[in-house]
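Quick one: sequence and predicted model below, then my questions.
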Amino acid sequence: MKSTDLVFNILNFSHPVKELSFYFTNKEEPGLTRLFHSLVPDEVIKHFGEQEHFYTSFDQRVEGYFAITKPTTPKYETIKTEAYTKTINNSAYSAAILKRYYNQKIHQYFNAKGIMTKPNFVHDVEIWLPINKDFNYQNFEKYTLRVQFKTVTKNLEILISYDGKSKIFLKNASALMEHVSPTIFNWVIYQEQLYKYHELPNEATRELSKVFPVWNFDLRTALKQATPAPARNNRYTIFRTNILKFINNYLDNEDFKEIIPITSSQLAKVSPIKIGHVSNSSNQLLFGNNRHDIVPINGMKQYGPLENSPLTKIHLFYIFHEDDKKAALKFNDFLSGKEPGFNGFERYTNTSYYTEKNFSVPFKNKSNPYPEIESQLNNKHFNSDVNYIAIYLSPFNKDKATPKQKNIYYLVKELLLKKGITSQVIEASKVLTNTKYHYSMPNIAIAMLAKLDGEPWRLDRPLKNELIIGVGAFKNSETNIKYIGSAFSFQNNGRFNRFEIFQDSQTEVLAGSILNAIREYVSLNSNLNRLIIHFFKNMSRKEIEPIEQGLRKLDLDIPIFILAINKTESNDIIAFDNEWNNLMPQSGTYINIGWNKFLLFNNTRYSEKFNPSDGYPFPIKINITCNKEELAKDQKTIKELLDQVYQFSRMYWKSVSQQNLPVTIKYPAMVAEIFPHFSGHEIPDFGKENLWFL
């Protein structure tokens, strides 16, 4: 049954008054809100003259300030000329300035109750509610309120999101600086107010014993705290339960309704006209003998891979610490089918291999094994007629490893790539201690098959003359440099071709890389009807123009569809399914939340039969644009493109579990995360055509 009874995490409200008087000045003073000149009414600029910013006390009367009274609800006027027809609002305050006004009222409302607030990076109101203390921290629950003007409903909206928990050190900044650098302090609390550490008032810098840092990931690393395993519980039920509790405790009362009169405490319904569903065949995957299934683990178990590796001479060898020899032998037994619970790599993937005798690379120095590994590999003879795959048994747990220990993993990967060798990394300790390790073997096997140029499965799509290019990013926290990995490229059936890597600022390189992929495609295919780019953010004109120019030089007049796909799940605006106890909308449901903007629910709830261990992912946000505007209005094309995003999330070959993010974004981000650690800052050509990063 398809999801139809959906509600947003939104309350509707109405303006408390029909008109408001705001007071403006051209001078900055304490307590005033600064407004960019484009946000203020024209009368303000006429009165004071042009300048970059103006200041307002909003509805608080101040002697000598310039007062303007305007309606809160606009009346639109249509202006017609020979050149254009334009509808403008000349009468009321703009939505932008009213949003600032309501935000200030919300801040004041919660601050009056002794509750901390702060603006987030898009100027919404973040609210911190204290819950309990433990030995090291004061804990908080966080909520965000966003004022919107008829964004997804026909009324004014207040969007309520639950942002999870945060914690503040009970140790003050001065005490923590005995162990960590102040450069990794971000938010701190001083006198019950939240501040950025570098924006603390002068008096706070003189008494750091009264400043308490907010916990963050950099502090976790510096203090060598363990990384907790990600929660697999149902975020939809947690999210809604907390939102409803927050509404009941803080919004559904007369005091709040005086500033923002919510019309109902019931969450706003999603209009049925805004709900769509991907095609029924969109989750169909092809396995061995062209058999179909929608669940990768079932398809692999019943039919085997679509294509076994075309390589006929495959040699495995192991790299391990001398204490982990037993783990290496046991893992080899798993691969050969001698351990219970897994029938072996050959039977699972239809790909034969050979473990080369006396070719292993044991090392002694656990803390710094790289010199030993490098020396041994450099002294080995690698037969050019053989395809090697190295199994590296890491002596470190990835959740507890220090940055230095993690870096060894990257350096070993790089060294092997330079020798044209792909690799599979596993944690040595888990092979021996995890009694359910056989459950991990299907994931490892399909990743190894993909690295050996096999295809575990593929989308059941007829080939079209189109090229899909995915561009993802990862920001390195140590260097503060954002790297972009461009997966070059994919055919519409999900077959991977090649990728490049470069930095965020290298716009010309990005364009050149995309054009190279197009040239390669056109050299093998007579026609290219459209280019589809999956981008990790909205693409700027600066990034699009060189691509368009390059296409003109190639004499290709084709549409470029750009799908901005958020790398992270949407947890600001989501929807709940009232027809299902677990609240998550059915997989393949999408909701229109603006002009060609969508929420896409991508999960394994295909029917009422659902495995909770698959998780409850939140939707992803997609924004679709096209350089040929008329095509962006074609609803059939838009649905095709949404189907394609949904399908590409099923092409993840690192796991038999369903992902909610398409590989066009996920794969490039994985490469961009690893690449900054490579000493040579270059990926060999072999590595650009191999899925070594899985």
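Received, thanks.

can you tell me which residues contact Asp293?
Gln284, Leu285, Phe287, Gly299, Gln302, Tyr303 (CB atoms under 8 Å, 6 or more residues apart in numbering). Placement of C-beta: from N, CA and C, glycine included.

what's it sitting at in phi/psi?
phi -160, psi 160 (degrees, to the nearest 10).

how much space between it and Leu306?
As for Asp293, its distance to Leu306 is 11 Å (criterion: CB to CB, to the nearest Å).

likewise Pro182?
Separation of Pro182 from Leu306 (CB to CB): 54 Å.

More neighbours: the two, which one.
A count of neighbours by other CB atoms under 10 Å puts Leu306 above the other of Pro182 and Leu306, at 20 against 15.

So the more buried one is in contact with His292, correct?
No. The criterion here is CB atoms under 8 Å, and Leu306 misses it with His292 at 10.8 Å.

Need the residues touching each of the two.
Here Leu306 and His292 have Leu286 as joint contacts, going by CB under 8 Å, 6+ apart.

which residues touch stretch 227-236?
Residues outside stretch 227-236 that contact it (CB under 8 Å, 6+ apart) are 220, 399-400, 574, 576, 582-584, 612-613, 615-616, 618.

does Ala328 really touch Phe320, like I thought?
Yes. Using CB under 8 Å, Ala328 makes contact with Phe320 at a distance of 4.7 Å.

list the residues that contact both of these two?
Here Ala328 and Phe320 have Ser360, Leu393, Ala428 as joint contacts, going by CB under 8 Å, 6+ apart.

So which of those residues wins on neighbours?
For the shared contacts of Ala328 and Phe320, neighbours tallied by other CB under 10 Å; top is Ala428, 23 neighbours.

Quick one: residues contacting that residue.
Residues in contact with Ala428 (CB under 8 Å, 6+ apart) are Phe320, His321, Asp324, Ala327, Ala328, Leu393, Ser394, Pro395.

Helices - which of these land there?
The helices, defined by DSSP state H, take in Ala327, Ala328 from the contacts of Ala428.

how about the contacts of Ala428 in TSV, adding pLDDT and distance to Ile565?
What follows is the contacts of Ala428, written out as TSV (pLDDT from 0 to 100; distance: CB to CB, whole Å):
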residue	pLDDT	distance to Ile565
Phe320	94	39
His321	94	40
Asp324	94	40
Ala327	94	39
Ala328	94	40
Leu393	94	35
Ser394	91	31
Pro395	89	37
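
For Glu339, state which of the contacts of Ala428 is nearest.
Here the nearest of those to Glu339, counting by CB to CB, is Ala327; it sits at 12.2 Å.

just checking, the closest one touches Leu393?
Yes. At 5.7 Å, Ala327 and Leu393 qualify as touching, with contact defined as CB under 8 Å.

picking up where we left off before, which of the shared contacts of Ala328 and Phe320 lies at the shortest distance from Ala669?
Leu393 (25.9 Å).

Any idea what the closest one is bridged to?
As for beta bridges, Leu393 partners with Ile426 under DSSP bridges.

Taking the contacts of Asp293, tell me the two that lie furthest apart.
With distances taken as CB to CB, the most widely separated pair in the contacts of Asp293 is Gln284 and Gln302, at 14.4 Å.

Give me the more crowded residue out of these two.
Taking other CB under 10 Å, Gln284 and Gln302 do not tie; Gln284 has more neighbours (16 against 12).

all strands for the stretch 351-500 of the chain, in order.
Secondary structure of the stretch 351-500 of the chain (DSSP state E, counting those that start in this stretch): strands at 354-355, 361-363, 387-394, 422-427, 458-459, 466-476, 481-490, 500-503.

now for the helix or strand encompassing Arg100, which elements pack on it?
Applying DSSP states H and E as the criterion places Arg100 in helix 95-112. On a contact count with 3 or more CB pairs under 8 Å, 6 or more residues apart in numbering; DSSP states H and E, helix 95-112 meets strand 19-25, strand 33-36, strand 53-58, strand 116-119, strand 125-133, strand 137-149, helix 254-259.

Could you export these as a markdown table, including distance to Thr637 and mean neighbour count?
A markdown table is the format used below for the helices and strands packed on helix 95-112 (distance: least, CB to CB, whole Å; neighbours: other CB atoms under 10 Å):
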| stretch | distance to Thr637 | mean neighbour count |
| --- | --- | --- |
| strand 19-25 | 43 | 18 |
| strand 33-36 | 37 | 14 |
| strand 53-58 | 43 | 19 |
| strand 116-119 | 38 | 16 |
| strand 125-133 | 38 | 16 |
| strand 137-149 | 28 | 19 |
| helix 254-259 | 44 | 13 |
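
what ranges of the stretch 151-300 of the chain fall below the confidence cut-off?
Scanning the stretch 151-300 of the chain with the threshold set as pLDDT under 70 gives 229-230.

ok, which stretches of it are strands?
Here the stretch 151-300 of the chain has its strands, by DSSP E, counting those that start in this stretch, at 156-169, 187-190, 193-196, 211-213, 275-277, 285-286, 292-293.

would TSV of the ones you listed with distance to Gln148 be doable?
Formatted as TSV, the strands of the stretch 151-300 of the chain follow (distance: least, CB to CB, whole Å):
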stretch	distance to Gln148
strand 156-169	4
strand 187-190	25
strand 193-196	24
strand 211-213	33
strand 275-277	19
strand 285-286	38
strand 292-293	41
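
looking at the ones you listed, which is buried most?
Highest mean neighbour count among these (mean count of other CB atoms under 10 Å): strand 285-286, with a mean of 22.

Give me the contacts around it.
Here strand 285-286 has contacts from His292, Asp293, Ile294, Pro296, Gly299, Leu306, Trp457, Arg458, Leu459, Asp460, Arg650, using CB under 8 Å, 6+ apart.

got TSV for the contacts of Asp293, with distance to Asp5 too?
TSV is the format used below for the contacts of Asp293 (distance: CB to CB, whole Å):
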residue	distance to Asp5
Gln284	27
Leu285	30
Phe287	35
Gly299	32
Gln302	35
Tyr303	37
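
about what we covered before: could you identify the most distant pair in the contacts of strand 285-286?
For these, the maximum inter-member distance is 14.6 Å, found between Ile294 and Leu306 (CB to CB).

pretty sure Ser523 belongs to a helix, no?
Yes. Looking at Ser523 with DSSP: H, G, I helix; E, B strand; the rest coil, it is inside a helix.

how many other residues sit next to it?
Neighbour tally, Ser523, other CB under 10 Å: 8.

just Ala447 next, same as before
Based on other CB under 10 Å, the number of other residues close to Ala447 is 21.

Hmm, Leu694 and it touching each other?
Yes. Judged on CB under 8 Å, Ala447 makes contact with Leu694 at a distance of 4.3 Å.

Give the intersection of the neighbour lists for the two.
Counting by CB under 8 Å, 6+ apart, the residues touching both Ala447 and Leu694 are Trp653, Lys654.
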